[in-house]
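[1] starting from these lines, generate the structure:
(one chain, ligands or ions: 2)
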Amino acid sequence: MPLLRAADIEKHYPGVRALAGVTFEVEAGEVHALIGENGAGKSTLIKIITGAVTPDAGTLSLDGELLVDHNPQTAKARGIAAIYQQPALFGTLTVAENLALGLEGAGLWRRVDWRERRRRAQELLDRVGARIDPDALAGSLSMPEQQLVEIARALGAKARVLILDEPTACLPEGEVERLFALLAELKAAGVGLIYISHRLDELAQLADRVTVLRDGQYVTTRAMSQVDKPELIRLMVGRELSGESNAPARPAGAPLLQLSGLGCAVNGVHDVDLTIRRGEILGLAGLVGSGRTELARILFGLTPADAGTMAWDGQPVRLETPAQAMAQGIAYVPEDRRRHGVVGPLSVTANTALTVLDRLAKGGLVDARREEDLAVDLGQRLDLRAASIHTTVGTLSGGNQQKVALARWLAAEPELFIVDEPTQGIDVGAKSEIHRILGDLAAAGKAVLVVSSDMPEVLAVSDRVAVMREGTVVGTLARGEATQERILALALGGAEVVG
Ligand SMILES: Nc1ncnc2c1ncn2[C@@H]1O[C@H](COP(=O)(O)OP(=O)(O)OP(=O)(O)O)[C@@H](O)[C@H]1O
Ligand SMILES: [Mg+2]
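    Ligands and ions are numbered 1, 2, ... in the order given. Next up, the predicted model:
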């Protein structure tokens with residue numbers, strides 16, 4: 001008997017068939033991966049299992065017993081816990097308080113035993129191997145640290161079913177290993193794990209079984225040892241994909257933006273010498289915390305430089321506000337797109353038009369037709385899965401929201417396109433589309449700066465790779481020279497990597 005079974009689940013939204021007759025099971029002591037393209041219905045299924053969304057039809061059972069009155073509270077009481085891509089802690093509360101919130105029963109208001117609370121928090125943090133101060137504010141922790149706190153909370157709640165929705169999307173390599181070790185322990189302890197990820201490579205290492213969804217429908221369930229990556233991709237997209245394209249090298253053009261001695265004391269960037277040329281995709285690699293995102297923020301005027309100089313097409317330039325940067329022809333797609341990249345309550349059309357309102361406006365009035373044409377065009381280029389261009393962006397699947405964020409800045413037709421983690425949370429098919437679009441920009445003589453922790457991605461798209469360490473650029477590698485080992489050697493500081 002499976003630990004948890006979701007049977008014949010149906011869920012419709014206006015104009016969208018999110019799930020159509022999906023059955024999914026997880027055994028105790030199993031990691032069951034759930035995969036599918038952006039918008040396939042993965043998160044919806046998870047939300048139904050955690051009681052956050054009520055299905056139109058279908059049943060849930062735990063240990064063979066039908067679950068009635070399923071809602072977030074009863075789900076928690078039944079030992080079902082979920083960890084989402086965006087940690088959901090209260091930033092203004094301490095770690096211990098966050099842990100206590102999830103664990104100490106509500107009901108009668110009793111006096112808080114602070115010492116006991118702190119001791120339990122410490123014990124749980126120790127179990128997940130996290131060196132985190134229980135008294136630290138949750139908001140002050142890094143993303144990986146927050147995630148560990150959430151896992152600690154699930155442990156404390158004695159979760160029997162633990163669901164992870166794209167937990168590694170924003171984790172650096174070292175942290176991924178640590179997470180996997182932890183998940184293996186939970187599995188050994190008999191927890192049933194449901195694991196969602198677009199990083200198909202990591203599934204082989206982790207999952208026992210995999211279930212594929214496509215367009216809200218159940219496709220198949222396989223033993224992980226019986227399928228390889230190309231087959232999984234075929235099952236996901238329902239057709240053959242041409243492999244990851246290693247675009248031919250483009251001839252680099254004239255320098256577009258030249259940085260010399262650039263620095264910004266408040267965000268730790270210093271002495272950056274770097275030239276970004278027209279017609280090239282420049283990859284910006286480095287460990288998390290090496291200053292990649294910080295450099296991007298300087299270039300977009302979010303944290304203006306306080307040292308060094310910049311030249312644009314050979315002329316000195318100052319980029320001290322985002323408005324100046326945009327006027328110069330710079331677009332910036334930030335890493336945390338769910339928070340900064342899209343405006344949830346607005347439609348797809350309104351979002352894509354945001355950066356180009358002046359261009360679309362005639363005599364002060366925005367031309368709705370042109371606005372819609374733009375949204376339709378970009379939607380097609382990015383393979384956007386939305387019921388219509390009038391759909392509210394907040395209701396799109398995670399990956400499709402990311403596409404809208406990209407569309408919005410592509411619409412501005414920038415000279416320099418800066419994008420942080422361009423394909424985080426994006427499915428394999430759409431990923432190669434996005435790589436192609438970046439290549440097209442470069443081929444049209446624009447410059448593209450790609451910040452990415454995904455090393456194969458950096459290598460696949462970049463004409464050159466600049467590597468950052470401790471706030472500065474420590475080297476650049478041409479396409480032919482760039483390998484994973486060499487990038488790492490520079491990122492870590494040379495001596496530490498041998499061979
Ligand atoms: N609250 C909602 N209102 C309207 N439509 C919704 C809502 N939630 C989800 N949908 C739609 O249901 C479909 C499935 O979305 P879901 O979030 O489950 O996809 P997903 O498989 O998790 O994709 P991704 O890989 O992009 O995260 C999408 O078309 C989405 O737009
Ligand atoms: Mg999702």
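[2] hang on, Val450 in a strand?
    Yes: when the secondary structure is assigned by DSSP: H, G, I helix; E, B strand; the rest coil, Val450 falls within a strand.
[3] what pLDDT is listed against it?
    Each residue has a pLDDT score; the one for Val450 is 95.
[4] repeat that for the one 10 residues further on.
    Looking at Ala460, its pLDDT is 88.
[5] what comes up buried for the one helix or strand it maps to?
    Take DSSP states H and E as the rule and Ala460 turns out to sit in helix 455-461. By neighbour count, and taking 16 or more other CB atoms under 10 Å as the criterion, the buried residues in helix 455-461 are Met455, Glu457, Val458, Leu459, Ala460, Val461. To be clear about C-beta, it is placed using only N, CA and C from the backbone, and glycine gets the same treatment.
[6] again, but for stretch 295-308
    Counting neighbours by 16+ other CB under 10 Å, one finds that the buried residues in stretch 295-308 are Leu295, Ala296, Arg297, Ile298, Leu299, Phe300, Gly301, Leu302, Thr303, Pro304, Ala305, Gly308.
[7] point me to the residue of the protein nearest ligand 1.
    Each residue of the chain has a distance to ligand 1, by CB to the nearest ligand atom, and the smallest belongs to Gly399, at 2.8 Å.
[8] wait, what's in contact with that residue?
    Glu37, Asn38, Gly39, His198, Gly425, Ile426, Asp427, Ala430 (CB atoms under 8 Å, 6 or more residues apart in numbering).
[9] give me the contact list for the host helix or strand of Glu231.
    Under the assignment given by DSSP H and E, the secondary-structure element containing Glu231 is helix 229-237. For helix 229-237, the external contacting residues (CB under 8 Å, 6+ apart) are 35-37, 40, 200-201, 203-204, 210, 212, 214, 219-220, 227, 240-241, 427-429.
[10] in strands only, show me the residues you listed.
    Taking DSSP state E, the ones among the contacts of helix 229-237 that sit in strands are Ile35, Val210, Val212, Arg214, Val219, Thr220.
[11] what's the burial count for the third one?
    Right, the one you point to is Val212. For Val212, the number of neighbouring residues by other CB atoms under 10 Å comes to 25.
[12] that one pairs with what?
    With DSSP bridges as the criterion, the beta-bridge partners of Val212 are Ile35, Thr220.
[13] now what about stretch 124-137, what contacts it?
    Outside stretch 124-137, the residues that touch it by CB under 8 Å, 6+ apart are 91-96, 99, 118, 121-122, 141, 145, 148-149, 151-153, 155-156, 178, 182.
[14] extract the CA atoms of it and return them as PDB.
    The C-alpha coordinates for stretch 124-137 follow below in PDB (Å, rounded to 0.1, in the frame of the first residue of the first chain):
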ATOM      1  CA  LEU A 124      16.800  20.500  14.800                       C
ATOM      2  CA  LEU A 125      19.400  22.700  13.200                       C
ATOM      3  CA  ASP A 126      22.100  20.300  14.300                       C
ATOM      4  CA  ARG A 127      20.200  17.400  12.700                       C
ATOM      5  CA  VAL A 128      20.200  19.100   9.300                       C
ATOM      6  CA  GLY A 129      23.800  20.000   9.800                       C
ATOM      7  CA  ALA A 130      23.200  23.700   9.700                       C
ATOM      8  CA  ARG A 131      25.500  26.100  11.500                       C
ATOM      9  CA  ILE A 132      22.800  28.700  12.000                       C
ATOM     10  CA  ASP A 133      22.200  30.800  15.100                       C
ATOM     11  CA  PRO A 134      18.700  30.200  16.400                       C
ATOM     12  CA  ASP A 135      18.500  33.800  17.400                       C
ATOM     13  CA  ALA A 136      19.400  35.200  13.900                       C
ATOM     14  CA  LEU A 137      16.500  36.900  12.000                       C
END
